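>>> Just to be clear, the model below is a prediction. Sequence and coordinates:
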Amino acid sequence: MTDSRNTERRTGPRTSTGTPQEPILKVGRQAFDVVDYSCSGLRIAGGNRFPLSGWIQGTLCLAGRNPIPIDAIVIRRQDGEVGLRLIVPIAV
């Protein structure tokens, strides 16, 4: 029997951060560090401050690029991080 929780579901490459100019996700008046992202999703830190679930509207701020408005759904909360699935994919 296969454990589906360990199955990789990403269809595109993931970009890890950790640079001095880490991407930021702004939701309302709050800002969250982006741990990594792909064209179809984000993983953010600070999950204890993040809205519990549901639909999220915000702005992804990447160094050297115009801010990107996003709509996403919270799909995972684990170890202080939140996984978001983007409704409309972004170019990475």
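Thanks, I have the structure now.

>>> what bits of the protein have low per-residue confidence?
1-21, 51-52 (pLDDT under 70).

>>> Can you show me the strands along it?
For the chain, applying DSSP state E gives strands covering 14-16, 24-27, 30-38, 41-45, 55-61, 68-78, 81-86.

>>> Just give the number of residues close to Leu60.
Using other Cβ atoms under 10 Å, Leu60 has 21 other residues around it. To be clear about C-beta, it is placed using only N, CA and C from the backbone, and glycine gets the same treatment.

>>> How about the one 10 residues further on?
Ile70 has 20 neighbours, counted by other Cβ under 10 Å.

>>> likewise Ile56?
Applying other Cβ under 10 Å, I find that Ile56 has 22 neighbouring residues.

>>> now it: how far from Pro23?
As defined by Cβ to Cβ, to the nearest Å, Ile56 lies at a distance of 15 Å from Pro23.

>>> returning to that earlier point: right, so the strands of the chain: which one is the most enclosed?
Counting by mean count of other Cβ atoms under 10 Å, strand 41-45 has the highest mean neighbour count of these, with a mean of 22.

>>> Make JSON lines out of the strands of the chain and add distance to Val92.
What follows is those, written out as JSON lines (distance: least, Cβ to Cβ, whole Å):
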{"stretch": "strand 14-16", "distance to Val92": "6"}
{"stretch": "strand 24-27", "distance to Val92": "14"}
{"stretch": "strand 30-38", "distance to Val92": "6"}
{"stretch": "strand 41-45", "distance to Val92": "11"}
{"stretch": "strand 55-61", "distance to Val92": "10"}
{"stretch": "strand 68-78", "distance to Val92": "10"}
{"stretch": "strand 81-86", "distance to Val92": "11"}
